[in-house]
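S.K.: sequence below, structure please.
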Amino acid sequence: MKKLLTFLLLAAGIASLFTCSSPSQKPVVRAENSGRNIVLLHPTVNNLKTFLYLTKNNVFTLPKDYGVIGVFHSKEKYDYSQSLDFIEKEKIGNFHFTEISAELNPENIYKENSGSPQFYEIFNNSQGAIFFGGPDMPPACYGEETNLLTEITDPHRHYLELSFLFHLLGGSQDTTSIAFLNERNDYTILGICLGMQSMNVATGGTMVQDIPTELFGVSNVEQVLSLEQNQQHRNYYTNLGTDNDLIWGNFHQVKFLKGSFLDSINGFSGNQPYVLSSHHQCIENLGLNLTPFAWSVDGRIVEAVKHTKFPNVIGVQFHPEPTFIYDSTIKFRRLPNESQGISYLQLYPNEKGENFHRAFWKYLGKLYQN
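M.R.: This is a model prediction of the structure:
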């Protein structure tokens, strides 16, 4: 990738880089070329609804002239015709999609490949990107064999997102490669849960494949449930199968580094807010130029990272995006013995959690407006 930018500039004239031939053969849609776009990876209907809720309810404030580019791989498991149907039904004009069909695999994702021209075109026509949560990535992507508790369900999604992130940020896999963000170091990237993990692996980091067995030395659900609330990073009661209506994650505290950028977030003065997590894997070795600024209360799990070279690149292991964090009318049940639901705002109002989440998105909104 030493001469990747030269190659990409020559390739930038390739026609229809921003087109989508959906599984149901929907009409082609094109992305805006203003550069005022945010890229959403894995633009499922649920992720689109979440993004729309956050922006329409002024949780995540963006200028009115922003466009959104949904990016996905042609071999992903999800049927993106559903996303196109949703956009058409809701008559949302600023959403566009691009499908990538490049042949990607663990052997070529961290180098120049057939997807490189499209990756550069997407970068060149956007202000930032959001990488959402999702399932376990193939350990082959970080040079390890597959743990029996690792479940790989959508490898091509991971190949796409890892390769795109490598092109954006660079990595220790090839330190001579030229990261796209060298051109614009104010480009904003948010990685949520899997998104943060992918950011770490794409830059050369590795993963703990199962937190309970590898970090806590426990081997069954009952043992996990006997741990403190702050040591449970997903809702393991759902494994028991006795109650299908429980919330999918666990609420626990995270502690932020004193003097980190969070000190400058208006509206949040606490240090250990309650967040929502649903994961069984975590960062083991950090990727190139990533540094942590939040951890679990016991210090074993990295909960947030930032890039030391590109200041607007942030990853969080928890989920700040679910709508029920901001809507007091949405109730949920956490435990099988709870008779009625409760809202996040009832559990963790103000400095316990609400203020942090609102301040977090307010801060991100400012970054995407640069």
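S.K.: from here on, contacts and neighbour counts on C-alpha atoms
M.R.: Fine.
S.K.: which residues of the chain fall in helices?
M.R.: 4-11, 45-56, 81-90, 116-124, 155-169, 194-202, 211-215, 221-225, 344-347, 354-368 (DSSP state H).
S.K.: let me know which of these is tucked in deepest.
M.R.: Stretch with highest mean neighbour count among the helices of the chain: helix 194-202 (a mean of 30; mean count of other CA atoms under 10 Å).
S.K.: tell me which strands and helices it is in contact with?
M.R.: Under the contact criterion of 3 or more CA pairs under 8 Å, 6 or more residues apart in numbering; DSSP states H and E, helix 194-202 touches strand 128-131, helix 155-169, strand 188-192, strand 282-283, strand 313-316.
S.K.: ok, which of these comes nearest Val302?
M.R.: The closest of the helices and strands packed on helix 194-202 to Val302 is strand 282-283. By CA to CA, the value is 6.4 Å.
S.K.: returning to that earlier point: among the helices and strands packed on helix 194-202, which comes closest to Phe86?
M.R.: strand 128-131 (19.6 Å).
S.K.: what about that closest one, distance to the chain center?
M.R.: 8 Å (CA atoms, centre = their mean, to the nearest Å).
S.K.: same for it, what does it pack against?
M.R.: If contacts are counted by 3+ CA pairs under 8 Å, 6+ apart, strand 128-131 sits against strand 37-41, strand 188-192, helix 194-202.
S.K.: how about those in JSON lines, adding distance to Asp136 and mean pLDDT?
M.R.: Shown next, in JSON lines, are the helices and strands packed on strand 128-131 (distance: least, CA to CA, whole Å; pLDDT from 0 to 100):
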{"stretch": "strand 37-41", "distance to Asp136": "16", "mean pLDDT": "97"}
{"stretch": "strand 188-192", "distance to Asp136": "13", "mean pLDDT": "98"}
{"stretch": "helix 194-202", "distance to Asp136": "8", "mean pLDDT": "98"}
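S.K.: could you export the ones you listed to JSON lines, including columns for distance to Phe97?
M.R.: Below are these laid out as JSON lines (distance: least, CA to CA, whole Å):
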{"stretch": "strand 37-41", "distance to Phe97": "9"}
{"stretch": "strand 188-192", "distance to Phe97": "18"}
{"stretch": "helix 194-202", "distance to Phe97": "19"}
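S.K.: below-threshold pLDDT in the stretch 1-150 of the chain: ranges please.
M.R.: Counting by pLDDT under 70, the ranges of the stretch 1-150 of the chain that qualify are 1-35.
S.K.: returning to what we had before: of the helices of the chain, which is nearest Pro138?
M.R.: Closest to Pro138 of the helices of the chain is helix 155-169 (CA to CA; 6.6 Å).
S.K.: next, the angle helix 116-124 makes with the closest one.
M.R.: 60 degrees (axes from the mean of the first three to the mean of the last three CA atoms, to 10 degrees).
S.K.: helix 155-169 vs strand 188-192, what angle?
M.R.: 150 degrees.
S.K.: neighbouring contacts of helix 155-169?
M.R.: Contacting residues not belonging to helix 155-169 are listed as 41-42, 72-73, 75-76, 104-106, 109-111, 116, 119, 123, 131, 137-138, 178-181, 198-199, 201-203 [CA atoms under 8 Å, 6 or more residues apart in numbering].
S.K.: swap the cut-off to 7 Å and go again
M.R.: Helix 155-169 is contacted by residues 73, 75-76, 104-106, 109-110, 119, 137-138, 179-181, 198-199, 202-203 when judged by CA atoms under 7 Å, 6 or more residues apart in numbering.
S.K.: in strands only, show me these.
M.R.: His73 (DSSP state E).
S.K.: related to what we said a few turns ago, turn the helices and strands packed on helix 194-202 into a markdown table, including distance to Gln346.
M.R.: Formatted as a markdown table, the helices and strands packed on helix 194-202 follow (distance: least, CA to CA, whole Å):
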| stretch | distance to Gln346 |
| --- | --- |
| strand 128-131 | 29 |
| helix 155-169 | 36 |
| strand 188-192 | 24 |
| strand 282-283 | 29 |
| strand 313-316 | 23 |
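S.K.: many thanks, we can stop here.
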